[in-house]
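[1] how would this look folded up:
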Amino acid sequence: MVKIAPSILAADFARLASEVESVRTADWLHLDIMDGHFVPNISFGPDVVKAVREISPLFFDVHLMVLEPDPYLERFKEAGADRITVHAEACRHLHRTLSAIRDLGVKAGVAINPATPASAVQPVLHLVDLVLVMTVNPGFGGQRFLPETLAKLGEVRLLAERMGIHDLELEVDGGIDRTTAGPAVRAGATALVAGTAVFREADRAAAIEALRRAARG
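    Numbering: from 1, shown residues only. Predicted coordinates:
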């Protein structure tokens, strides 16, 4: 079953509680943390994650688009993260960062940007339960999907299987909608992050179900 993970980055923050409630039929809730350094924009921090945790029982898929995220890991864990995903490009010592996440008792993920090869995650596949392949350049919502990034999903899966890892989640983030969900899943994605494709629709449950249908092809 492909997981659907609405990104609250596309939600209306003036009524965040009702926005989060509107996507309760999703599998995960995706929380994009931007620091203004690794990516140009600034989004929100652990206090918002904590506030959302108080109103949502969903699995919290926290995506740190943050340069050198180590000092913030414990705060996001305490705020309610179920998984913390960091960027391979943003960590000076990626093994150490992922080990620190696991030591906190939460799941660990590693993300790679469109220009980063799949081979960048091979040394740390044994430390993560998820690889996030960015299908846009991170930092802005509503960007055009980059189909050339999808080949990396199969490459990562092959690397994992050669290491005896068969339960790795492969997530895609960026430009996912009813047109791109199917190709992403056929390329190997097991989880789809969707922002505007969910929150621009009046009926969020219907939007989530439409993505599930599109994912099934």
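
[2] how about the secondary structure of Val193?
    Secondary structure, DSSP: H, G, I helix; E, B strand; the rest coil: Val193 is strand.

[3] quick check, pLDDT for the residue nearest to it when sequence neighbours are not counted.
    Counting by CB to CB, 6 or more residues apart in numbering, Asp173 is the residue found nearest to Val193 once chain neighbours are left out, at 3.9 Å. C-beta: built from backbone N, CA, C; applies to glycine. Here the pLDDT value assigned to Asp173 is 96.

[4] residues near Asp173, how many?
    The tally of other residues near Asp173 (other CB atoms under 10 Å) stands at 26.

[5] with the one 3 residues further on instead?
    The tally of other residues near Ile176 (other CB under 10 Å) stands at 28.

[6] quick check: it touching Val136?
    No - between Ile176 and Val136 there is no contact under CB atoms under 8 Å: 9.4 Å.

[7] please settle this for me: is Val133 part of a strand?
    Yes - when three-state DSSP is applied, Val133 is found to be in a strand.

[8] sorry, back to before: who touches both of Ile176 and Val136?
    Phe145 (CB atoms under 8 Å, 6 or more residues apart in numbering).

[9] tell me who's in contact with the spatially most distant residue from the centre of the chain.
    In the chain, Arg162 marks the outermost C-alpha relative to the chain mean, sitting 24.2 Å out by CA atoms, centre = their mean. Arg162 sits next to no residue when contact means CB under 8 Å, 6+ apart.

[10] quick one on the thing from earlier: how about the residue nearest to Val193, what does it touch?
    Per CB under 8 Å, 6+ apart, neighbours of Asp173: 7, 30, 63, 111, 132-136, 138, 193.

[11] and the residues you listed, which is closest to Phe76?
    Nearest to Phe76, judged by CB to CB, of the contacts of Asp173 is His63 at 10.4 Å.

[12] please report how far the closest one lies from Val49.
    11 Å (CB to CB, to the nearest Å).

[13] one more: Pro71?
    Distance check for Pro71 against Val49: by CB to CB, it reads 16 Å.

[14] higher neighbour count, the two?
    Legend: neighbour count by other CB under 10 Å for Pro71 and Val49, higher for Val49 (22 against 8).

[15] show the pLDDT at Arg144.
    84.

[16] count of neighbours near it?
    For Arg144, using other CB under 10 Å, the count is 10.

[17] please, which helix or strand holds it?
    Using DSSP states H and E, Arg144 sits within no helix or strand.

[18] if I look at it, how far off is Trp28?
    Taken as CB to CB, the span from Arg144 to Trp28 is 24 Å.

[19] where along this protein do the helices fall?
    Assigned by DSSP state H, the chain shows helices spanning 16-21, 46-53, 73-79, 94-103, 151-162, 181-187, 196-199, 204-216.
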